[in-house]
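[1] Structure for this input, please:
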Amino acid sequence: MKSQISNALSDFFFEYETPRQVLVRNRRVGIVCRLIQAGVLAYIIGWVFIYEKGYQSTDIAVSSVFTKMKGVGYTTINGEEKVWDEVDYVFPPQGDSSFVVMTNFIITEGQKIGKCPELPGTLDCSSDADCEGGRFKRTGHGQMTGVCVKANKTCEVLAWCPVEDDRNIPDPALLMSAENYTLFIKNSVTFPIFGISRSNLVEGLNSEYISKCLHDPKDAPLCPIFRLGDIVKLSGFNFETIAKVGGAIGIVIDWTCNLDVDVKHCRPTYSFHGLYGNAAETDKAKASVGYNFRYAKHYLEDKVQKRTLLKVFGIRLDIIVKSLARKFDIIPTLTAIGSGVGIFGVATVVCDLVLLYLLPKRAYYKNMKFKSTDSHKQDPDSEACSTATEK
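    Numbers count the residues shown, from 1 in each chain. Take a look at the predicted model:
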């Protein structure tokens, strides 16, 4: 056992292996080798360098988005005309990259804190025992007082009265004119590694052009002013449907730039994606359809605090900036070349496996490829020459 361990250690420390070149004249092995090498070469040139741009380094931009809506809408409710401008229908109004444009609403005016009956079907009752005082129900509008209102057969609640009735959504939407509202997007990006800053107001877009243009994917792809109806259409939605119940649309600004060419060619492209509120949705029993929220306007009337409550249905616009800049860099170039050279060794490995384990003459090829030497034993040819000299 000790001798085996000693021999193993001796072989490990005192033996050296060196490659031996053997020229094998075999058509099948030669063809396999060249095919593998051609495949590796095609991978390096086609995939690594042309498709993946392995000779370039990359950077992701730091971006900022500013938005502004324009347009005026008109409604007539109960004989009362009202004008709606961007101050009234944009939430929030600060020009964020994510905002809502109101297209429909349910208004409840003159609410004040007090006691009033719930809506039918919400907290139904037949006696006061069905209305436990001090308790809330998730579907209700306030705290139950313990009184059953006989006229309505619903529980009385302490809430903002009269309670909101949102069971009937206006159809068609009250602000169908929103289809012609316009959205201005101003986007700036900076690629910090390369020290390059760009804006979507690229060369050639002056004030005169912007005042007249309207974005079109083919005719005016760089115009930063978008018609809301066109945004909805390009996202795959129907404006009439989404305006009624609301929905969400993503606007993607794509900055994919090759900085090895003139920086003026670094320009944005716009795409539109419907996120939810699809007009193709036919499941009427779906639990939550569209997009809505509530907000209130508070005021004092005869020293009594009151409010006007609006349940807003609108189109939520999320502006998403996607960026990737590339530029030539010697380090990734050398890394890609070195990796490619290493992959060429696959051809040698495969061909060796075929020679040593698959071909009929594998024993012959194995003897030709591997040769063992022992420095402690004299070579037979050398010993024969030495004997002849002595004689």
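[2] What are the boundaries of the helices in the chain?
    In the chain, the helices defined using DSSP state H lie at 2-14, 27-42, 86-89, 207-212, 228-234, 239-245, 330-343, 345-357, 362-369, 380-390.
[3] Same list (those helices) but as JSON lines, adding mean neighbour count.
    For glycine as for every other residue, the C-beta is placed from the backbone atoms N, C-alpha and C. Listed next are the helices of the chain as JSON lines, based on neighbours: other Cβ atoms under 10 Å:
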{"stretch": "helix 2-14", "mean neighbour count": "9"}
{"stretch": "helix 27-42", "mean neighbour count": "13"}
{"stretch": "helix 86-89", "mean neighbour count": "15"}
{"stretch": "helix 207-212", "mean neighbour count": "10"}
{"stretch": "helix 228-234", "mean neighbour count": "20"}
{"stretch": "helix 239-245", "mean neighbour count": "22"}
{"stretch": "helix 330-343", "mean neighbour count": "13"}
{"stretch": "helix 345-357", "mean neighbour count": "14"}
{"stretch": "helix 362-369", "mean neighbour count": "13"}
{"stretch": "helix 380-390", "mean neighbour count": "9"}
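[4] Figure out which of those is closest to residue 264.
    helix 207-212 (16.2 Å; Cβ to Cβ).
[5] Just the CA trace of the closest one, in PDB.
    What follows is helix 207-212 as a C-alpha-only set of coordinates in PDB (Å, rounded to 0.1, in the frame of the first residue of the first chain):
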ATOM      1  CA  SER A 207     -40.400  75.200 -32.100                       C
ATOM      2  CA  GLU A 208     -42.200  75.800 -35.400                       C
ATOM      3  CA  TYR A 209     -42.200  72.000 -36.200                       C
ATOM      4  CA  ILE A 210     -43.400  71.000 -32.800                       C
ATOM      5  CA  SER A 211     -46.200  73.500 -32.800                       C
ATOM      6  CA  LYS A 212     -47.600  71.800 -35.900                       C
END
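[6] Have a look at this structure and report its longest strand.
    strand 304-328 (DSSP state E).
[7] Tell me the strands beside that one, with direction?
    strand 56-59 (antiparallel), strand 98-117 (antiparallel), strand 247-258 (parallel), strand 292-301 (antiparallel) (DSSP bridges).
[8] Out of the ones you listed, which is closest to residue 68?
    With respect to residue 68, and counting by Cβ to Cβ, the nearest of these is strand 98-117 at 10.3 Å.
[9] What is the burial count for residue 196?
    Residue 196: 17 surrounding residues under other Cβ atoms under 10 Å.
[10] go on, residue 140?
    Neighbours of residue 140 using other Cβ under 10 Å come to 18.
[11] Please report phi then psi for it.
    phi -90, psi 180 (degrees, to the nearest 10).
[12] OK, contacts around residue 90?
    Neighbour list for residue 90: 69, 99, 100, 101, 102 [criterion: Cβ atoms under 8 Å, 6 or more residues apart in numbering].
[13] mind running it again at 7 Å?
    Neighbour list for residue 90: 69, 99, 101 [criterion: Cβ atoms under 7 Å, 6 or more residues apart in numbering].
[14] What of residue 139?
    By Cβ under 7 Å, 6+ apart, the neighbours of residue 139 are residue 122.
[15] Quick one: low-confidence residue ranges for the stretch 51-200 of the chain.
    Within the stretch 51-200 of the chain, not a single segment meets pLDDT under 70.
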